[in-house]
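Chemist: The following comprises the amino acid sequence and a computationally predicted model.
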Amino acid sequence: MSRPVRVRFAPSPTGPLHIGGVRTALYNYLFARKMGGKMLLRIEDTDQNRFVPGAEEYIQEALKWIGIEIDEGQGPGGPHAPYRQSERKEIYQKEAQRLIDEGKAYYAFDTAEELDAMRKRLEEANAPAAQYNAITRMQMRNSLTMKPEEVKARMDAGDPFVIRLKTPRKEEVRLNDLIRGWVNVHSSAIDDKVLLKSDGLPTYHLANIVDDHLMEITHVIRGEEWLPSAPLHVLLYRYLGWEDTMPQFAHLPLLLKPEGNGKLSKRDADLGGFPIFPLQWTDPVTGVTARGFREDGYLPEATINFLALLGWNPGTEQELFTMDELIASFDLTQVHKAGARFDIQKAQWFNHQYIRLQPDAALAPTVQQQAEADGFNCSLEKAEKIAALLKGRVNFAHEIFTEAGTIFNAPTTYDEAIVTAKWNDDAKKAVAVFRDALQMFNGAFMADEIKHTLGDAMQQAGIKQGKIMQAMRLALTGSGAGPDLMLTMEIIGKEETLARLEKALTTLG
RNA sequence: GGCCGAUUCGUCUAGCGGUUAGGACAUCGCCCUUUCACGGCGGUAACACGGGUUCGAUUCCCGUAUCGGUCACCA
């Protein structure tokens, strides 16, 4: 009963991983680590029509970026390889055949047109549900209604067929979801799902159950969209004879649109101007690029912190968590049941928190690169100082350079409102006096020293420092607001400081 | 529409029969500051509705409403 915990993240490589998928992976990972278990990655590529080149690599890279380590599966490999479902075809076929042999599944030859006609007819007849089930299957073309010779003849002739589950007419299917508790569904609500498609590949339902069993998965943690088919899966475990080792289910609440109705979609991201994918993704067919959290400047630690708290809460008032802290406090039973609206503002706040905690040296390269891309000379040392000065003011690392505009660019214009309000005789005098004092100054050009020099100069000139500070800022940056002025002067250097003071004096008169 | 699930401030949530219904984001105000931010402090703001059960319901039960998911040879 107490088997070692093994969970899996099983995405389909049909495009970039949705941020909701990342959260599912994260919850699986947190649970695995918390329980001292293993995290597997399985690629569910049974739909050949939807296969997108590059998607699998994208998934690997995204998980790596976010800090989710795969213990076993596609990538690191393991004892249950292969971990790509398209390479496990025979395994599913064997199990499907077993179900046929045991009378729990049957062959069906219905064409798409015939199925459509059946559904349409049922709908028009006001049937409660237009499905292929215990009642309707007797009117369809399958091995239950056809003579064995005919079935064999069609198969020998190479006619396409599928294998369908022979769902019982009346049976109560119960399942105990770790998050939702008992969920009961009557088997009449489950239809005769296709298990094996006519191309010989399994559908999700079969492949999933077979693999989870073979890979000894103990907990299936997945999105709520799977809840309706969970009873079917229970039925499959039963029919396959694996019910005693059936994994426990935990269905996660979905991520909803920031506003309006429905689940979070790509369109919301475009409309709201925020990413919905962990990494940037360029569609191989259309060439259209979609933004990513990483490229938009979100730190992985901020992203997981944000995601972890979207639908789960440890019950304490802690907001900031490292991955290890998340692992330590994670508990599946504390996952919220209702869907969570996606609010990018909170993600930005988390990023702000982590940016200000970053060492200056970690932020410096970003600043330096941007500066150089804009044609400015910027040593790493200078970039580090700028990072220190501005990191507390921004949400993203790339905003530091933007905020540092007045450091790199000498003012070409001066804020009119500030000029009118503050550029008076005292201000002119103060700037001139300070310039003179600075010219005489030959110590280390550091913020503290500059502050003293300014203070002394103002005192000697009989000017109240507080009255002229904004004018001083205006002279140096052209603006009335900005980061600490002394540090700003230290960073731009003595020569540039003097030049700017001089220029203000001549320009503003 | 059938089935399944959900419902606490605008948003993410705590709460698991008795609370001034707590925290965070956002918002507003104050303080700090040479300014703008940051930060600190504080304010506004919620138990969907109706019945039960109970001495007492946000909490338990039943309806209603609303929202979400799902009804493919897609996952």
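Modeler: Sure thing, it's come through.

Chemist: residue boundaries of the helices in the stretch 101-250 of chain A?
Modeler: Applying DSSP state H, counting those that start in this stretch to the stretch 101-250 of chain A gives helices spanning A:112-124, A:148-156, A:204-214, A:230-240.

Chemist: close to RNA strand B, is the second one?
Modeler: In other words, helix A:148-156. No. Counting by C-beta under 7 Å from any atom of the strand, RNA strand B has no neighbours in helix A:148-156; the shortest distance is 12.1 Å. (Glycine included, C-beta is placed from N, CA and C.)

Chemist: was I right about residue A:427 contacting residue A:468?
Modeler: Yes. Contact criterion C-beta atoms under 8 Å: residue A:427 and residue A:468 qualify, at 5.0 Å.

Chemist: so what's residue A:145 up against?
Modeler: Shown in contact with residue A:145 (C-beta atoms under 8 Å, 6 or more residues apart in numbering): A:137-139.

Chemist: Closest to residue A:255 out of these?
Modeler: Nearest to residue A:255 among those is residue A:137, at 37.2 Å by C-beta to C-beta.

Chemist: I figured the closest one hits residue A:144, correct?
Modeler: Yes. Between residue A:137 and residue A:144 there is a contact under C-beta under 8 Å: 6.1 Å.

Chemist: shared neighbours, those two?
Modeler: Common neighbours of residue A:137 and residue A:144 (C-beta under 8 Å, 6+ apart) are A:106, A:166.

Chemist: and these two? which has more neighbours close in?
Modeler: residue A:137 (22 against 16; other C-beta atoms under 10 Å).

Chemist: RNA strand B versus the closest residue to the more buried one other than its chain neighbours, what's the distance?
Modeler: If the residues on either side of it in the chain are set aside, residue A:137 comes closest to residue A:192, at 5.7 Å by C-beta to C-beta, 6 or more residues apart in numbering. Distance, residue A:192 to RNA strand B, using C-beta to the nearest atom of the strand, to the nearest Å: 9 Å.

Chemist: Same drill for residue A:427 and residue A:468, tell me which one is more crowded.
Modeler: Shown here are residue A:427 and residue A:468; by other C-beta under 10 Å, residue A:468 has more neighbours (26 against 22).

Chemist: by contact count, what packs against the helix or strand hosting the more buried one?
Modeler: Assessed by DSSP states H and E, residue A:468 sits inside helix A:465-477. On a contact count with 3 or more C-beta pairs under 8 Å, 6 or more residues apart in numbering; DSSP states H and E, helix A:465-477 meets helix A:416-422, helix A:425-440, helix A:447-461, helix A:485-508.

Chemist: Of all those helices, which one is nearest residue A:215?
Modeler: From these, taking C-beta to C-beta, the stretch that ends up closest is helix A:485-508, at 56.3 Å.

Chemist: How about the closest one and RNA strand B, any contact?
Modeler: Yes. Using C-beta under 7 Å from any atom of the strand as the criterion, contacts between helix A:485-508 and RNA strand B involve A:485-486.

Chemist: Quick check: which helices or strands does that helix pack against?
Modeler: Helix A:485-508 is packed against helix A:380-390, helix A:405-408, helix A:425-440, helix A:447-461, helix A:465-477, with contacts defined by 3+ C-beta pairs under 8 Å, 6+ apart.

Chemist: could those helices be laid out in TSV, adding distance to residue A:294 and mean pLDDT?
Modeler: Formatted as TSV, the helices and strands packed on helix A:485-508 follow (distance: least, C-beta to C-beta, whole Å; pLDDT from 0 to 100):
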stretch	distance to residue A:294	mean pLDDT
helix A:380-390	19	95
helix A:405-408	25	92
helix A:425-440	44	94
helix A:447-461	34	93
helix A:465-477	32	93
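
Chemist: can you put these in a markdown table and add distance to residue A:124?
Modeler: A markdown table is the format used below for those (distance: least, C-beta to C-beta, whole Å):
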| stretch | distance to residue A:124 |
| --- | --- |
| helix A:380-390 | 67 |
| helix A:405-408 | 68 |
| helix A:425-440 | 85 |
| helix A:447-461 | 81 |
| helix A:465-477 | 75 |
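
Chemist: nearest to RNA strand B, of those?
Modeler: Among the helices and strands packed on helix A:485-508, helix A:465-477 comes nearest to RNA strand B, with 3.2 Å by C-beta to the nearest atom of the strand.

Chemist: From the chain's centroid, how far away is the closest one?
Modeler: Here helix A:465-477 is found 45 Å from its chain centre; the criterion is C-alpha atoms, centre = their mean, to the nearest Å.

Chemist: now stretch A:85-96
Modeler: For stretch A:85-96, the gap between its own C-alpha mean and the chain's C-alpha mean amounts to 31 Å (C-alpha atoms, centre = their mean).

Chemist: what's the answer for stretch A:301-310, then?
Modeler: 9 Å.

Chemist: quick one: the closest residue to RNA strand B within the stretch 151-300 of chain A and residue A:339, what's the gap?
Modeler: The nearest approach of the stretch 151-300 of chain A to RNA strand B comes at residue A:261, 2.5 Å away (C-beta to the nearest atom of the strand). Note on residue A:261: its distance to residue A:339, by C-beta to C-beta, to the nearest Å, is 11 Å.

Chemist: Of those two, which one has the most company?
Modeler: When neighbours are counted by other C-beta under 10 Å, residue A:261 and residue A:339 differ, and residue A:339 comes out ahead with 18 against 6.

Chemist: Let's see the pLDDT reported for that one.
Modeler: pLDDT recorded at residue A:339 is 95.

Chemist: give the contact list for it.
Modeler: By C-beta under 8 Å, 6+ apart, the neighbours of residue A:339 are A:224, A:253-256, A:263.
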